[in-house]
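Undergrad: I need the structure of the sequence given here:
(one chain, ligands or ions: 1)
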Amino acid sequence: MKIAEKLKLAHACANPPPATFSFEFFVPKTSQGVQNLYDRMDRMYDLNPIFVDITWNAGGRSSTLTNEMVYTAQSTLGLETCMHLTCTNMPVSLIDEALEKAYASGCQNILALRGDPPLDGSESTGDFKYAKDLISYIRKKYGDHFNIGIAAYPEGHPEEESDDNLLQYLKEKTDVGADFIITQMFYDVDNFIDWCAQVRKIGVNIPIIPGIMPISTYAAFIRRAKWSEIAIPQHFLDALDPIKEDDYAVREIGTQLVADLCQKLIDSGYVNHLHFYTMNLEKSTLMLLEKLNLVDCVKDSALVSEDLPWRKSLH
Ligand code: FAD
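TA: Sure, this is the predicted structure:
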């Protein structure tokens, strides 16, 4: 089922609509890692995410594995799945192959991305320049079969200096057929809410899904924020810096900080779905869901899908 439809259905069942959530997983490097991840995804199925998504390595490295994982998640585990697909350094033949396999898996959701340019600074050899070109291509070839998601950057993108340009490019991606937005991780919730207002002001009305990164250790928290070039609010640093050597305390306090952020997002009215960057782990995400009272609430609500009769056991 398409994500936008699933969200509409999930949010129509109560007033105010219940908050829902989804999980991102990345493609592991080893076959043992893949098997471990399938076990974890199987367990996380019980939390009833609206969808899961599987990342794509820019340029098509391990693309076969992304396709395999999409097939397993969608057809074997019974999880509604979204496949990431990048177009930088990708010949159209490889894009066609990936889309055909996604189609055959029963997957109806693609996160259409450009991908990061080659690290050595060389020009992309791909057939498409921007994500919007990939979106247009998917629409032309598959009509409405796929729901198409796009990436967005509330705190800017490293290659673009102008926030106004970035908003315009987001609008262009929507105009050529995007159905939902998933954002880069962030911790500055006030900036995010202002950004949502700007997105709506320029006439982009598709669902905005915030990317939420749980805090597991201090080092990973700092590293990921630096890598994503996002701001860390002072109150995060004030709370976490003095306990940075104590992983248990960092996880506890970090969970509270991110849960407060999520609650503020939901209260803002712009957001009723949270997308967790799980980093292929379940503990920190589960702690957040519990803190937000979303685990029992989801299990009790009409959102719980029946265990699919065809859902095959992995074991
Ligand atoms: P685009 O929207 O095409 O933008 C790329 C750059 O071009 C931006 O700087 C933009 O300002 C500029 N631009 C866009 N349109 C125009 C135009 N018309 N004229 C001039 N300039 C323009 N990467 C992966 O490799 N694999 C993944 O699985 C993956 N998943 C992601 C998931 C999310 C939620 C997010 C937020 C990012 C993800 N990325 C992933 C990273 C993403 O591929 C990079 O950030 C990439 O640099 C930009 O991709 P995009 O789709 O936003 O590109």
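Undergrad: how about the residues of the stretch 51-200 of the chain that lie near the ligand?
TA: 55-56, 58, 84, 86, 111, 113-116, 130-131, 151, 157, 159-160, 166, 169, 172-173, 182, 184 (CB under 6 Å from any ligand atom). C-beta here means a position set from N, CA and C on the backbone, and glycine is covered the same way.
Undergrad: Weed out the non-buried ones from those residues.
TA: 55-56, 58, 84, 86, 111, 113-115, 130-131, 151, 166, 169, 173, 182, 184 (16 or more other CB atoms under 10 Å).
Undergrad: The residues of the stretch 51-200 of the chain next to the ligand in helices, which ones?
TA: Among these, the residues falling in helices (DSSP state H) are Ala131, Leu166, Tyr169, Glu172, Lys173.
Undergrad: Distance to Asn280 and pLDDT for those - can I get that in JSON lines?
TA: Shown next, in JSON lines, are those (distance: CB to CB, whole Å; pLDDT from 0 to 100):
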{"residue": "Ala131", "distance to Asn280": "24", "pLDDT": "98"}
{"residue": "Leu166", "distance to Asn280": "29", "pLDDT": "98"}
{"residue": "Tyr169", "distance to Asn280": "30", "pLDDT": "98"}
{"residue": "Glu172", "distance to Asn280": "33", "pLDDT": "98"}
{"residue": "Lys173", "distance to Asn280": "28", "pLDDT": "98"}
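Undergrad: Greatest separation within these: which pair is it?
TA: Taking CB to CB as the measure, those span a maximum distance of 12.3 Å, between Ala131 and Leu166.
Undergrad: residues near Asn147, how many?
TA: 22 (other CB atoms under 10 Å).
Undergrad: Make 759 the first number, not 1, from now on.
TA: Got it, the first residue is 759 from now on, which makes the last one we talked about Asn905.
Undergrad: Tell me who's in contact with it.
TA: Each residue near Asn905 by CB atoms under 8 Å, 6 or more residues apart in numbering is listed here: Lys760, Ile761, Ala762, Glu763, Cys840, Gln866, Asn867, Ile868, Asp937, Phe938.
Undergrad: The nearest residue to Gly907 once chain neighbours are set aside pairs with what?
TA: Using CB to CB, 6 or more residues apart in numbering and skipping residues adjacent in sequence, the residue nearest Gly907 is Leu869, 4.2 Å away. Taking DSSP bridges, one finds His842, Gly907 as the beta-bridge partners of Leu869.
Undergrad: Tell me how far Leu869 lies from Ala772.
TA: 28 Å (CB to CB, to the nearest Å).
Undergrad: same deal with Asn806?
TA: To Ala772, Asn806 is 15 Å away according to CB to CB.
Undergrad: cool, and Asp885?
TA: 45 Å.
Undergrad: out of these two, which sits in the more crowded spot?
TA: Neighbours were counted for Asp885 and for Ala772 using other CB under 10 Å; Asp885 has more, 16 against 11.
Undergrad: Name the nearest residue to that one, sequence neighbours excluded.
TA: Counting by CB to CB, 6+ apart, the residue nearest Asp885 is Val850, at 4.3 Å.
Undergrad: and that neighbour, what does it touch?
TA: Applying CB under 8 Å, 6+ apart to Val850 gives the contacts Asp885, Phe886, Tyr895.
Undergrad: Just name the closest of those to the ligand, please.
TA: Nearest to the ligand out of the contacts of Val850 is Phe886 (CB to the nearest ligand atom; 8.8 Å).
Undergrad: wait, what's in contact with that closest one?
TA: Contacts of Phe886 were listed using CB under 8 Å, 6+ apart, and they are Cys845, Thr846, Met848, Val850, Ile853, Arg872, Leu892, Tyr895.
Undergrad: where does the second one land in three-state SS?
TA: It refers to Thr846. Classification of Thr846 by DSSP: H, G, I helix; E, B strand; the rest coil places it in coil.
Undergrad: what number of residues lie near it?
TA: 22.
Undergrad: now the third one
TA: Residues within reach of Met848, counting by other CB under 10 Å, total 24.
Undergrad: dump the residue contacts of it.
TA: The contact partners of Met848, taken as CB under 8 Å, 6+ apart, are Gly817, Gly818, Gly873, Gly884, Asp885, Phe886.
Undergrad: Backbone dihedrals for it, please?
TA: Backbone torsions for Met848, taken as degrees, to the nearest 10, come to phi -120, psi 120.
Undergrad: Got the phi and psi for the most far-flung residue of the chain relative to its centre?
TA: In the chain, Pro1000 marks the outermost C-alpha relative to the chain mean, sitting 30.9 Å out by CA atoms, centre = their mean. Note on Pro1000: its backbone torsions stand at phi -70, psi -20 [degrees, to the nearest 10].
Undergrad: Mind pulling the model confidence for it?
TA: We note a pLDDT of 98 for Pro1000 in this prediction.
Undergrad: ok, it to Ala977 distance?
TA: Using CB to CB, Pro1000 is found at 15 Å from Ala977.
Undergrad: The longest helix anywhere in the chain packs against which elements?
TA: Determined from DSSP H, the single longest helix within the chain is helix 1005-1026. Judged by 3 or more CB pairs under 8 Å, 6 or more residues apart in numbering; DSSP states H and E, helix 1005-1026 is in contact with helix 947-959, strand 966-970, helix 976-985, helix 992-998, strand 1031-1035, helix 1041-1049.
Undergrad: Okay then, goodbye and thanks.
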